[in-house]
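A.B. asks: Next one to model:
(chains A and B)
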Amino acid sequence: MGSFLHRHRGATPYLLLAPGILWLAIFFLIPLGFLGYESLQSGLFPDFQFTWEFSNFSDGIRDYHEQIVRSFVYAGIATIACLVLAYPLVYWIAFRAGPWRNLFLLFIVAPFFVTYLVRTLAWLNILADEGPVVGILRDVHILGPDGRLLATTFAVVSGITYNFFPFMALPIYVSLEQIDPRLLEAAKDLYASSIQAFLRVTLPLSAPGIVAGTLLTFIPAAGDFINAALLGTPNQAMIGNVIQAKFLESLDYPGAASLSFVLMGLILVALLVYARIVGSERLTG
Amino acid sequence: MTSVAVRPARSRSGLGTRVWAFVRRHALTVYALLVVGYLMLPIAVVILFSFNKPAGRFNYVWEEFTLDNWANWNAVLGIQDAIITSLEVGLLATVVATALGTLIAMAIVRHHFVGRGATNVLVFLPMSTPEIVLGASLLTLFLNTTAVFQLGFVTIFIAHVMFIVSFVVVTVKARLIGFDRHLEEAAMDLGANELTTFRKVTLPLIAPAMLAAALLGFALSIDDFVITYFNAGGTQTFPIFVWGIARVAVPPQVNVVASAIFLVAIALALGNVFWQYRSAKRTQGAT
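C.D. replies: Okay, the predicted model is just below:
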């Protein structure tokens, strides 16, 4: 075998790639093709016909624009909330935590060690009508006597924020950790105040981490259906809930498939818009 | 009247400025610790409620401390089978995905070939596709090929390998990029053939990265709900079991199992931190 590899040097990378790439081609690319084929079918379960039914897309957008808009709004709010919560924490870990750094990083990933569904269900306990949080908020009259947190938009968005927090925190930490402390000393030597040093040195250098974190948080958040299903009501339903119900409950495969492509297409548009904003800011900065 | 009103106001402002000064000096630390508290809160709740003795069917309100749930963790019908399935799928999928992903990473880092860019994109795409689309598209493949695939253990395994491979590639690639190729050339100069070189030099050097990738893959597999839910048929992994029972009432045994998984993972992670700390100290001592 060694001599075979010697005689066919050019073949080596393809032999290494073949098993993994074939797996991805058969179980990722080809299924996307099947999903596209499914999205243009018409009829009722189980007799679907392929009829180039492009109206599936327009019907889907017309019937579910509310859930579509809601998904992107919720994902956007949750992404911003993650950024606001995560940035000061990882800044503190990177520059102030000293020998405790690794321990605090462990705190960031710890929620991942609790099964997704179970840690979402834990928010049911915390936000429950009989729970301590609602009790306190009612006592200080932030909530009315019948006010509740469960089954509200607040519950769903905070569930999404909590579940995708590490995706925001870790990339920002990595970019902050790579900053050469001598750059900050140089800024101080040049009479920058600590706020100026942060705005002109630290923040721009951590921008790649913010961009990566935003993408890693926003994309899964926009497609999520677990938080809306467990912590919300149909009034908080997101596009993921619609796709899930159509696929597994009402067996409307063409409708579900076309909405999946709508979701992917809109995420792509959001990414392009975001890339433009980030890019133009870089140019002016 | 005025003097009565002024005195408490002055003492309050004195305290106020002191508190304000303290908060200003330690604002970042206070904020960071509050966020850590927020991250830990649901975990604490999960563990706490694994010791609860609920009054009715719902385990939402704290009633009474008990160890019964831990002693009878498998008293709920189906929970034990679900965990065994999760562990089996996790182990099998991790082994296969780690092997496939490591080979892809080696090809991408060590070789220049036609289609390298496309390979990178193909590896990146599954990670940037929403899980629901991954699960739904795979389900349409299986529904259209029922002669070959019946939904169940095998389709869950296929799905898990598919989404873990990309994470393995990324993890192992990062390690291979910093790899000193002179070590392999030295082995070849000393007469080792390619296979011996791989076995004696390359593999031991990338083994830590493969282990890290495997642990990540196993964690992803055992935690996955969305993709599994679409492709499980009637087979239940632990997350699928939780989803099913959440529609009725979640028994404290679910908290027990989740707490146990959490404690094992934390123990492994702390062990890793400690091990890195010790090996860092040892290399410091050697120089």
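
A.B. asks: Report the secondary structure element holding residue A:66.
C.D. replies: Using DSSP states H and E, residue A:66 maps to helix A:55-96.

A.B. asks: gap between the helix or strand that that helix is followed by and the chain center?
C.D. replies: Once the chain leaves helix A:55-96, the next helix or strand it forms, by DSSP H and E, is helix A:101-109. With C-alpha atoms, centre = their mean, to the nearest Å as the basis, helix A:101-109 stands 21 Å off its chain's centre.

A.B. asks: which ones are touching the residue in the stretch 101-250 of chain B positioned nearest to chain A?
C.D. replies: Scanning the stretch 101-250 of chain B for proximity to chain A using C-beta to the nearest C-beta identifies residue B:130 as nearest, at 2.8 Å. C-beta here means a position set from N, CA and C on the backbone, and glycine is covered the same way. By C-beta atoms under 8 Å, 6 or more residues apart in numbering or on different chains, the contact list for residue B:130 reads A:219, A:220, A:222, A:223, A:240, A:263, A:264, A:267.

A.B. asks: Can you list which of those residues are found in helices?
C.D. replies: A:219, A:220, A:222, A:240, A:263, A:264, A:267 (DSSP state H).

A.B. asks: Next one: residue A:277, what pLDDT does it get?
C.D. replies: pLDDT, residue A:277: 83.

A.B. asks: so it sits in a helix?
C.D. replies: Yes - using DSSP: H, G, I helix; E, B strand; the rest coil, the secondary structure at residue A:277 is a helix.

A.B. asks: Can you give me the neighbour number for it?
C.D. replies: 10 (other C-beta atoms under 10 Å in any protein chain shown).

A.B. asks: just residue A:248 next, same as before
C.D. replies: Neighbours around residue A:248, by other C-beta under 10 Å: 14.

A.B. asks: Same question for residue A:73.
C.D. replies: 14.

A.B. asks: and if you look at residue B:68?
C.D. replies: 13.

A.B. asks: Which strands or helices does the helix holding residue A:66 pack on?
C.D. replies: helix A:101-109, helix A:153-177, helix A:203-222, helix A:239-248, helix A:253-284, helix B:2-49 (3 or more C-beta pairs under 8 Å, 6 or more residues apart in numbering or on different chains; DSSP states H and E).

A.B. asks: other SSEs contacting the first one?
C.D. replies: With contacts taken as 3+ C-beta pairs under 8 Å, 6+ apart, helix A:101-109 sits against helix A:55-96, helix A:153-177, helix B:2-49, helix B:252-286.

A.B. asks: How about that helix, which residues are buried there?
C.D. replies: For helix A:101-109, the neighbour count (16 or more other C-beta atoms under 10 Å in any protein chain shown) marks A:101, A:102, A:104, A:105, A:107, A:108, A:109 as buried.

A.B. asks: wait, doesn't residue A:128 sit right on residue A:134?
C.D. replies: Yes - contact criterion C-beta atoms under 8 Å: residue A:128 and residue A:134 qualify, at 7.0 Å.

A.B. asks: what's the average pLDDT for stretch A:127-137?
C.D. replies: On average, stretch A:127-137 scores 84.

A.B. asks: By mean pLDDT, point me to the weakest helix or strand of chain B.
C.D. replies: helix B:2-49 (a mean of 79; mean pLDDT, DSSP states H and E).

A.B. asks: anything in the helix or strand that it is followed by near chain A?
C.D. replies: Toward the C-terminus, helix B:2-49 is succeeded by helix B:68-71 as the next helix or strand (DSSP H and E). No - on the criterion C-beta under 8 Å from any C-beta of the partner chain, helix B:68-71 is out of touch with chain A, staying 13.8 Å away.
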